[in-house]
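J.: okay, predicted coordinates and the sequence, questions at the end:
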Amino acid sequence: MPIRVAVAGARGKMGGQVVRSIIENENMELVAGFDPSGVGEEAAPGIKISSHDDMEKVLKEVKPDVFVDFTNAAAAVENVKVAARNKVKLVVGTTGFSEEQLKEMENAIKDNVPAIISPNFSIGVNIFWKLIAEAARHLQAYQYHVEIIEMHHSHKKDAPSGTAVKAAEIISNYIGGKTAFIYGRQGITGERTDEEIGIHAVRAGDIVGEHTVLYAGTGERLEITHRAHSREAFAQGAIKAIEWISGKEKSGIYTMDAMMRELG
């Protein structure tokens with residue numbers, strides 16, 4: 001039996017790519033699509049886009065195995081609550097959540113369904129996070145300053161990216177003292193402190209996604225970069241996450257790292 005999948009944000013850049021990847025996958029079936037844009041139009045042959053207001057009703061009718069969300073933070077929290085309430089497993093790639101929103105989702109998920117939540121489903125980005133952690137671990141005893149530069153297309157609504165924020169959080173575990181995230185700099189800022197991690201967002205053109213972590217020491221610097229050539233990299237990771245989470249029975253939030261370790 002194919003995995004039955006519903007997608008929120010089905011008309012968006014990422015959601016649309018995931019929809020296309022599901023349709024092309026012989027082991028999956030798209031059973032519902034949700035988006036405020038294009039309600040009533042077809043997301044796939046025989047599958048019409050539904051309003052988010054009708055989500056509960058549609059989920060009860062089509063009974064998907066997995067619900068995928070690539071929307072925005074406010075919408076995703078409510079979507080997760082509806083899916084979890086209806087015992088639909090979750091794959092969430094939306095970014096820009098506040099701590100309160102993350103807690104709301106955790107409370108909705110923890111005793112109801114298995115869910116995998118990640119700011120980035122690219123396999124390469126998940127390896128990138130491991131590489132920057134390893135570099136930070138080796139450099140922690142030395143005076144290396146860390147800066148993060150991320151680039152995305154002009155239509156991306158949140159900044160910095162969830163990927164950049166996670167990179168900063170990973171590195172902060174290796175920096176002594178109280179870490180300060182500095183989001184860009186302007187004016188007379190004074191000398192840089194050793195505890196700062198600078199995070200800089202570029203929004204231009206049709207850049208799919210690029211992240212660089214720069215470790216600058218005396219007389220040298222090390223740069224680790226991930227560049228996405230197309231959204232297919234993220235979509236294929238999301239497809240793998242759909243397959244993986246569909247086989248999980250224990251409720252709770254899982255990570256891409258957990259998936260990748262299990263799959264080897």
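T.: It's in.
J.: now for residue 118: which residues touch it?
T.: Shown in contact with residue 118 (C-beta atoms under 8 Å, 6 or more residues apart in numbering): 92-93, 126, 241, 255-256. Glycine gets a C-beta too; all of them are placed from N, C-alpha and C.
J.: tell me how far the nearest residue to residue 231 once chain neighbours are set aside lies from residue 208.
T.: The spatial neighbour of residue 231 that comes closest, neighbours along the chain excluded (C-beta to C-beta, 6 or more residues apart in numbering), is residue 17 at 4.5 Å. Residue 17 sits 10 Å away from residue 208, going by C-beta to C-beta, to the nearest Å.
J.: so what sits against both of those two?
T.: Residues touching both residue 17 and residue 208 by C-beta under 8 Å, 6+ apart: residue 231.
J.: who has more neighbours, those two?
T.: Taking neighbours as other C-beta atoms under 10 Å, residue 17 and residue 208 compare with residue 17 leading, 19 against 16.
J.: so which other helices or strands are in contact with the lowest-mean-pLDDT helix or strand in the chain?
T.: Lowest on mean pLDDT, DSSP states H and E among the helices and strands of the chain sits strand 42-44, with a mean of 88. On a contact count with 3 or more C-beta pairs under 8 Å, 6 or more residues apart in numbering; DSSP states H and E, strand 42-44 meets helix 13-24, strand 28-34, strand 47-50.
J.: what's next to the last one, contact-wise?
T.: Strand 47-50 is contacted from outside by 10-11, 30-35, 37-43, 58, using C-beta under 8 Å, 6+ apart.
J.: one more time with 7 Å, if that's ok
T.: With C-beta atoms under 7 Å, 6 or more residues apart in numbering as the test, strand 47-50 has contacts from 10-11, 30-35, 38-43, 58.
J.: drop anything exposed from those.
T.: Buried by 16 or more other C-beta atoms under 10 Å: 10-11, 30-35, 39, 43, 58, out of those.
J.: let me see the ranges of the strands in the stretch 101-250 of the chain.
T.: For the stretch 101-250 of the chain, the strands defined by DSSP state E, counting those that start in this stretch cover 114-117, 145-152, 180-183, 196-203, 209-216, 221-228.
J.: now these in a markdown table, with mean pLDDT, mean neighbour count and distance to residue 62?
T.: Output for these, formatted as a markdown table (pLDDT from 0 to 100; neighbours: other C-beta atoms under 10 Å; distance: least, C-beta to C-beta, whole Å):
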| stretch | mean pLDDT | mean neighbour count | distance to residue 62 |
| --- | --- | --- | --- |
| strand 114-117 | 97 | 24 | 19 |
| strand 145-152 | 97 | 22 | 33 |
| strand 180-183 | 95 | 14 | 42 |
| strand 196-203 | 97 | 18 | 37 |
| strand 209-216 | 97 | 20 | 32 |
| strand 221-228 | 97 | 15 | 31 |
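J.: among those strands, which is nearest residue 26?
T.: Residue 26 lies closest, by C-beta to C-beta, to one member of the strands of the stretch 101-250 of the chain: strand 114-117, at 21.9 Å.
J.: sounds good, over and out.
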